[in-house]
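**Student:** 3D, please:
(chains A and B)
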There are 2 protein chains.
Amino acid sequence: MCFSLPLLGAKVMKVEKVGREMCKANEIAVDSELELELELIPETTIPPTVAEIDRDGEELFVPPLNFAMVDNGVFRSGFPDTANFSFLQTLGLRSIICLCPEPYPDPNTEFLKSNGIRIFQFGIEGYKEPFANIPEDMVREALKVVLDVRNHPVLIHCKRGKHRTGCLVGCLRKLQRWCLSSIFDEYQRFAAAKARVSDQRFMELFDVSSLKHLPATFPSSNSKSGGFNSQGRGWKSYPKY
Amino acid sequence: MCFSLPLLGAKVMKVEKVGREMCKANEIAVDSELELELELIPETTIPPTVAEIDRDGEELFVPPLNFAMVDNGVFRSGFPDTANFSFLQTLGLRSIICLCPEPYPDPNTEFLKSNGIRIFQFGIEGYKEPFANIPEDMVREALKVVLDVRNHPVLIHCKRGKHRTGCLVGCLRKLQRWCLSSIFDEYQRFAAAKARVSDQRFMELFDVSSLKHLPATFPSSNSKSGGFNSQGRGWKSYPKY
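**Tutor:** Alright, predicted model coming up:
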């Protein structure tokens, strides 16, 4: 089954239902210069950012829930809200990986459009233990997007930035050859009281062998060695968009 | 009172006791080419790294306790152990900020020397609530070291990477204009059950006005805008070492 959803400013948004809970990775090219092929939605007004102001009258930034830097050019968080947009602008994002299946909210889509940010959506359903069924192939596809520095800076997010995001980051760490206890420690720092054994089991079993040919280290601008390199394998220099 | 401690390969290590619990910031220049002025300690053998091995026989990395990336070129953790050295090498560190007053352990000093890493030690005593007395001027000096991209990549650490490190990172976030709730959220993610109200009060009261002329954003190699810039103030291009 294949169907399309309308999306403001999007050229094509295809969601291919491959299985009951599995959507094939769909890339939504958000570009204000592209014509909308499917359906035009009237322009909506973005709600004003809920900005906090400090004593000097300067705006304060509100990072998304559970925001953190994962590696050079890779960030993680919970679902961004309008209050987070001015902060997100400071990251100069090229793309966002959304791990939720729900249609992207209009204000967020408008934010992507006006900032030229590409979205990769991997619709992984949330679940409650013990009914865990994390789609490994979708995580693998998402990981390939993370590994491609042409997509950097990239923000990975799900709803709360704990489980789906935690699993994807954990698989990245596995490819970066972190030991499991450190991977779980990082996962638990974000999941806290909501940490799931099934997520940790997923990361433990996740097979990275098919991805080992891809560089899992990303360039930094100010390293002594000229690049953050954890495996003796250099990072590729991709052309910029 | 002023006294000197011997340090392998160090030119000068001065620890000035200014008050009972306050040490003036002391920079320890670790450089194998410099002559040792004070006392020569026989070369010690670094204990072999406690490496974990994966199924393919490849070495796995063990990041230090509570390790995380704070920003471009800035990392945080607990006290690094010999097991963490091979991981730390992947970061290509230029410097380490140690927030503990104790003499740096010999294996760590040897690691710094052999990797050309400079150490800045700010001896802030650990404490138990309610006897909180965080030396604000020392945190301010440490923050200046963090803000100077010539020291990047830099690792900030204390003993457990929770309180002293958390306060310093929180002060950086304040300068980066994060709202207090996000600063506290990040602090609590690392401190977890050991979070201290007194630390959070310290961050809330910490006055960043004297540091506002310094760039609090750091360059990234792959940003659309050419640099991670959160305040409309560009980052300076410092000469590299």
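
**Student:** for chain A, which segments count as helices?
**Tutor:** Taking DSSP state H as the test, the helices found in chain A are A:85-90, A:106-114, A:136-147, A:164-175, A:180-191, A:197-205.

**Student:** ranking these by burial, who's on top?
**Tutor:** For these, average neighbour numbers computed from mean count of other Cβ atoms under 10 Å in any protein chain shown are highest in helix A:164-175, which has a mean of 25. The C-beta positions use only the backbone N, C-alpha and C, and glycine is treated the same way.

**Student:** not counting it itself, show me its contacts.
**Tutor:** By Cβ atoms under 8 Å, 6 or more residues apart in numbering or on different chains, the residues outside helix A:164-175 that reach it are A:66, A:70-71, A:74, A:76-78, A:97, A:99-100, A:124, A:126, A:134, A:139-140, A:142-143, A:146-147, A:156-158, A:180, A:182-184, A:186-187, A:190-191, A:199-200, A:202-203, A:206, A:208, A:211-212, A:214, A:216.

**Student:** CA atoms only: put stretch A:110-124 into PDB for me.
**Tutor:** Written as PDB, here are the backbone C-alpha positions of stretch A:110-124 (Å, rounded to 0.1, in the frame of the first residue of the first chain):
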ATOM      1  CA  GLU A 110       6.800  25.700   8.400                       C
ATOM      2  CA  PHE A 111       9.900  26.100  10.500                       C
ATOM      3  CA  LEU A 112      11.700  23.400   8.400                       C
ATOM      4  CA  LYS A 113      10.600  25.200   5.200                       C
ATOM      5  CA  SER A 114      11.700  28.700   6.300                       C
ATOM      6  CA  ASN A 115      15.000  27.400   7.500                       C
ATOM      7  CA  GLY A 116      15.700  25.000   4.600                       C
ATOM      8  CA  ILE A 117      15.800  21.900   6.800                       C
ATOM      9  CA  ARG A 118      15.300  18.500   5.200                       C
ATOM     10  CA  ILE A 119      13.300  16.000   7.200                       C
ATOM     11  CA  PHE A 120      13.700  12.300   7.200                       C
ATOM     12  CA  GLN A 121      10.800  10.600   8.900                       C
ATOM     13  CA  PHE A 122      11.000   7.000  10.200                       C
ATOM     14  CA  GLY A 123       7.600   6.200  11.600                       C
ATOM     15  CA  ILE A 124       8.500   3.900  14.500                       C
END
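
**Student:** one step back: got JSON lines for the helices of chain A, with mean pLDDT too?
**Tutor:** Below are the helices of chain A laid out as JSON lines (pLDDT from 0 to 100):
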{"stretch": "helix A:85-90", "mean pLDDT": "97"}
{"stretch": "helix A:106-114", "mean pLDDT": "98"}
{"stretch": "helix A:136-147", "mean pLDDT": "97"}
{"stretch": "helix A:164-175", "mean pLDDT": "97"}
{"stretch": "helix A:180-191", "mean pLDDT": "98"}
{"stretch": "helix A:197-205", "mean pLDDT": "95"}
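
**Student:** show me the shaky parts of chain A.
**Tutor:** When residues are selected by pLDDT under 70, those of chain A lie in A:1-52, A:54-55, A:129-132, A:223-241.

**Student:** apply 50 and report the result again.
**Tutor:** Where chain A drops to pLDDT under 50, the residues are A:1-50, A:226-241.

**Student:** and the strands in it?
**Tutor:** Listed from the start of the chain, chain A has strands (DSSP state E) covering A:2-4, A:14-16, A:26-28, A:52-53, A:59-60, A:68-71, A:74-77, A:95-98, A:118-121, A:154-157.

**Student:** returning to that earlier point: out of the helices of chain A, which comes closest to residue B:105?
**Tutor:** Evaluated with Cβ to Cβ, those place helix A:180-191 nearest to residue B:105, the distance being 21.0 Å.

**Student:** what residues does that closest one touch?
**Tutor:** A:66, A:68, A:76, A:161-163, A:165-167, A:169-170, A:173-174, A:195, A:199-200, A:203-204, B:61-63, B:65-68, B:189-190, B:192.

**Student:** now do 7 Å
**Tutor:** Here helix A:180-191 makes contact (Cβ atoms under 7 Å, 6 or more residues apart in numbering or on different chains) with A:66, A:161-163, A:166, A:170, A:173-174, A:195, A:199-200, A:203-204, B:62-63, B:189.

**Student:** pick the one among these closest to residue A:118.
**Tutor:** The shortest gap between residue A:118 and any of the contacts of helix A:180-191 belongs to residue A:161, at 20.0 Å (Cβ to Cβ).

**Student:** and residue A:198, how far from chain B?
**Tutor:** 22 Å (Cβ to the nearest Cβ, to the nearest Å).

**Student:** and residue A:77, what does it touch?
**Tutor:** Taking Cβ under 7 Å, 6+ apart, one finds A:64-67, A:155, A:157, A:161 in contact with residue A:77.

**Student:** rewinding a little: can you say which of the helices of chain A is nearest to residue B:112?
**Tutor:** Distances from residue B:112 to each of the helices of chain A were compared using Cβ to Cβ; the shortest belongs to helix A:180-191, at 22.0 Å.
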